[in-house]
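K.L.:
fold the stuff below for me.
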Amino acid sequence: MTHTSIEITAELVQELLHEQHPDLADRPVKLGARGWDNQLWRLGDDLAVRLPWATDSADALLRKEHAWLPALAPHLPLPIPVPQRLSEPSERFPHPWIVTTWVPGSPADRAPATAVESADILAAFLSALHQPAPEGAPAGRNRGGPLAEHAEGFAQQLSEATEHGLIPDPDAVRAVWEDAAGAPEWSGPPLWLHADLHPANLLTADGTFCGVIDFGDLCVGDPAWDLAAAWLLLPDGATERFHSAYRPAPDAATLRRARGWAVMKALVCILIGHAGDQGRPGGKPSWGPPGHASLRRLVASAAH
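P.N.:
Presented below is the predicted three-dimensional model:
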């Protein structure tokens, strides 16, 4: 992470609003979250300000959201943050930033989905999102492509997690991956993908999903990348219900690839959770439990 040298405060956000959106400047401003790429500041009751702060790619990701999300949002069955205004770099802040709608809810890494009906809600959302994308739609940042291209990364993650004593049976994890990597590649049209459905990017209320946030990695590709999220996000016993509800029904090869992506994502969550437990920068203790639960379910289902 390459944090901006500029300290982002409520006062700075209000100054930027006065400069470019004076009609919004009198609204109360409160920190919402500090993400990998952006900081999110709540603006009144129904809006938010997102400002790049931690990665070199954040500027382009915000511009991408502003360009594509307004057209996608009306077709999705869950609320998403819809960009309302794009703000250009200035002397006060040398990056573009956006004003979006505010999506209420609690991040699923802190308040996991517990209702089995959440499988239906997630399936409906991804069924609506996974549509053929128009010409010119953005390509992924190493996401949504062939699973086999990530073999080295998987091996490194499994090795690191095993060295930390976090994986009870690495051979069983490796077997799930190898089966997935041997599945036929996606041969359909490039479909829209969220491409970053980790537990902090789904919001919950009353035990089920109520919103999806952070579309900075929006891209086109193989739907298996997103379908892997079912293993990370749903409660025990709900994954098959998700697969039954998703449309069109995924074929066996897509489900195998999704399991491979789910193994990789689970390892990432486990490593980030471990880093958080150790107090290391970038670590998030709340990511460990969903990663471990996902890996346990994947290994158990492969044994039957």
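K.L.:
okay, now residue 280: neighbour count?
P.N.:
Counted with other C-beta atoms under 10 Å, residues neighbouring residue 280 total 10. C-beta coordinates here come from the backbone N, C-alpha and C atoms, glycine included.
K.L.:
read off the pLDDT value for it.
P.N.:
Looking at residue 280, its pLDDT stands at 94.
K.L.:
three-state assignment of it?
P.N.:
Following DSSP: H, G, I helix; E, B strand; the rest coil, the label given to residue 280 is coil.
K.L.:
before we move on, what about residue 110?
P.N.:
Secondary structure, three-state DSSP: residue 110 is coil.
K.L.:
for it, which non-adjacent residue is spatially closest?
P.N.:
Once flanking residues are discounted, residue 110 sits nearest to residue 286: 5.5 Å by C-beta to C-beta, 6 or more residues apart in numbering.
K.L.:
that neighbour and residue 106, how far apart?
P.N.:
The gap separating residue 286 from residue 106 is 11 Å, by C-beta to C-beta, to the nearest Å.
K.L.:
quick one, which of these two is more surrounded?
P.N.:
Shown here are residue 286 and residue 106; by other C-beta under 10 Å, residue 286 has more neighbours (19 against 14).
K.L.:
hang on, that one in a strand?
P.N.:
No. Per three-state DSSP, residue 286 lies outside any strand segment and is helix.
K.L.:
wait, it sits on residue 276?
P.N.:
Yes. Between residue 286 and residue 276 there is a contact at 7.3 Å, judged by C-beta atoms under 8 Å.
K.L.:
all the helices of the stretch 101-250 of the chain, residue numbers only.
P.N.:
Under the criterion DSSP state H, counting those that start in this stretch, the stretch 101-250 of the chain contains helices at 118-129, 151-163, 170-181, 224-227, 229-233, 239-245.
K.L.:
turn those into JSON lines, including mean pLDDT, distance to residue 44 and mean neighbour count.
P.N.:
Below are those laid out as JSON lines (pLDDT from 0 to 100; distance: least, C-beta to C-beta, whole Å; neighbours: other C-beta atoms under 10 Å):
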{"stretch": "helix 118-129", "mean pLDDT": "98", "distance to residue 44": "26", "mean neighbour count": "21"}
{"stretch": "helix 151-163", "mean pLDDT": "97", "distance to residue 44": "41", "mean neighbour count": "15"}
{"stretch": "helix 170-181", "mean pLDDT": "96", "distance to residue 44": "45", "mean neighbour count": "17"}
{"stretch": "helix 224-227", "mean pLDDT": "97", "distance to residue 44": "32", "mean neighbour count": "26"}
{"stretch": "helix 229-233", "mean pLDDT": "97", "distance to residue 44": "29", "mean neighbour count": "26"}
{"stretch": "helix 239-245", "mean pLDDT": "97", "distance to residue 44": "35", "mean neighbour count": "18"}
